[in-house]
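Participant: have a look at this prediction, sequence included:
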Amino acid sequence: MRLSIAYADSRLASGVKSGENRGIRLTHDHVVRAFESRPLKSTSATVDVRLRRPSEAGEHPAVVAFVQDVASGDVLQTVALPLNDCR
């Protein structure tokens with residue numbers, strides 16, 4: 001098993017500099033800004049993970065975690081925790 005944890009933000013913007021969309025400003029949601037993944041040695045394992053909050057903050061930050069069976073690739077459990085009220 002493997003535990004993966006991501007910090008995600010929404011409403012991040014980027015300006016397109018070339019191509020057919022040049023000059024357009026795009027807005028992105030659910031952008032993973034930090035990611036950590038660790039093996040789980042047992043189903044009751046405790047894991048300490050620290051993710052840095054990006055200096056350029058978006059809106060609606062959240063922590064998303066999932067447990068995956070490495071052998072099959074199946075995702076066994078997911079959870080998302082909004083961080084709007086956290087500092």
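Facilitator: Thanks, I have it. Numbering: from 1, shown residues only.
Participant: chain neighbours aside, what residue packs nearest to R22?
Facilitator: V16 (5.6 Å; CB to CB, 6 or more residues apart in numbering). In short, each C-beta sits where N, CA and C put it, glycine included.
Participant: just checking, that neighbour touches L26?
Facilitator: Yes - applying CB atoms under 8 Å, one finds V16 in contact with L26, separated by 6.3 Å.
Participant: quick one: low-confidence parts of the protein?
Facilitator: Where the chain drops to pLDDT under 70, the residues are 43, 86-87.
Participant: that one: strands as residue ranges?
Facilitator: Applying DSSP state E to the chain gives strands spanning 2-10, 12-15, 25-28, 31-39, 59-68, 75-82.
Participant: deepest of the ones you listed, which one?
Facilitator: Comparing those by mean neighbour count (mean count of other CB atoms under 10 Å), strand 2-10 ranks first with a mean of 18.
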